[in-house]
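Chemist: what's the 3D shape of this:
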Amino acid sequence: MSGGDGEGETLRSWARSAGVAYLAIIVTGIFAEFFVRSALIVDGDAGATAANLAAAGGRFRLGIAAEFVMLVCDVGLAAALYVVFRSVDRNLALLAACFRLTHGAVVAVNLLNAWVPLTLVGGGAWTAAFEPAQIDALVALLLDTHGVGYQIGLLFFGVHCLLMGVLVARSGFVPRVLGILLLVAGAGYIVDTLGRTLLVDYARWESVFLVVVFAPALVAELSFALWLTIRGVDPRGRRR
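Modeler: Modelled structure (predicted):
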């Protein structure tokens, strides 16, 4: 096997590893957000939310553990995407990795706002200083803060998607349409974060944002992840 072939196999391995990591991130992220938190948090009802958390603490912890897996995969994915796309534009690939890692750091720190509510409803000794209604309010406040922190992280992730969209579109070894989809996804994440920040009545439009922003984003990221996993890349710059 020639040196070029060896380099090609290495890049294909990195690309497929990136795809597998990306799929793991999608699965664990959806599980934690939609099958755990969204199922347990009752908007506008602090008491019901705290009761759900106390009754399903194991399930909530499983959601946090899923995010641990997601964050570990995110670090590996950031490195793998840099290796695969640095031949397109090294500086742009490095910048994309930095934005993805920043997103991961924000999400990791923000998990404290999900962890502390478990302690509050667990009946620890220091919780005796609070009335039950106060504990309910603190749980709701921390979980709301977690939602805000998650949204802040998506701002950095949106920029990452924009940069990856440019890299993919320019690469020649991944379909250009995937780059366009990533550009749309990145713009959607940024618009959603700004919408939550600037619109006082965002809740009125939340369902619209959910469909317009996250549906295209899921299509873009899942398609990109599947392409990397199944097809990999051709380092000679030809689509296979």
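
Chemist: list the contacts of the host helix or strand of Asn91.
Modeler: Using DSSP states H and E, Asn91 falls within helix 90-110. For helix 90-110, the external contacting residues (CB atoms under 8 Å, 6 or more residues apart in numbering) are 67, 70-71, 74-75, 77-79, 81-82, 85-86, 146, 149-150, 152-154, 156-157, 159-160, 163-164, 166-167. From N, CA and C alone the C-beta is placed, and that goes for glycine too.

Chemist: now list the buried members of those residues.
Modeler: Buried by 16 or more other CB atoms under 10 Å: 67, 70-71, 74-75, 77-79, 81-82, 85, 146, 149-150, 152-154, 156-157, 159-160, 163-164, 166-167, out of the contacts of helix 90-110.

Chemist: what residues sit buried inside the helix holding Asn91?
Modeler: For helix 90-110, by 16+ other CB under 10 Å, it's 92-93, 95-104, 106-108, 110.

Chemist: ok, now stretch 120-131?
Modeler: In stretch 120-131, counting by 16+ other CB under 10 Å, buried: 120-121.

Chemist: what of stretch 182-197?
Modeler: Neighbour count says stretch 182-197 has 182-190, 192-193, 195-196 buried, by 16+ other CB under 10 Å.

Chemist: quick one: distance of that stretch to the chain centre.
Modeler: 13 Å (CA atoms, centre = their mean, to the nearest Å).

Chemist: same question for stretch 21-34.
Modeler: With CA atoms, centre = their mean, you get 8 Å for stretch 21-34.

Chemist: what's in contact with that stretch?
Modeler: 63-64, 66-67, 69-70, 73-74, 76-77, 80, 218, 221-222, 224-226, 228-229.

Chemist: if we go to 6 Å?
Modeler: Contacting residues not belonging to stretch 21-34 are listed as 63, 66-67, 69-70, 73, 76-77, 225 [CB atoms under 6 Å, 6 or more residues apart in numbering].

Chemist: now it: buried residues?
Modeler: 21-26, 28-29, 31-33.

Chemist: nearest to Pro117, out of those: which one, please.
Modeler: Nearest to Pro117, judged by CB to CB, of these is Ala32 at 14.5 Å.

Chemist: how far away is the residue nearest the centre of the chain from Phe157?
Modeler: Ranked by distance to the mean C-alpha position of the chain (CA atoms, centre = their mean), the top residue is Gly29 at 6.2 Å. Look at Gly29 and Phe157: by CB to CB, to the nearest Å, they are 11 Å apart.

Chemist: residues of the lowest-mean-pLDDT helix or strand in the chain that come out buried?
Modeler: One helix or strand of the chain scores below all others by mean pLDDT, DSSP states H and E: helix 202-209, with a mean of 82. Across helix 202-209, burial judged by 16+ other CB under 10 Å covers Phe209.
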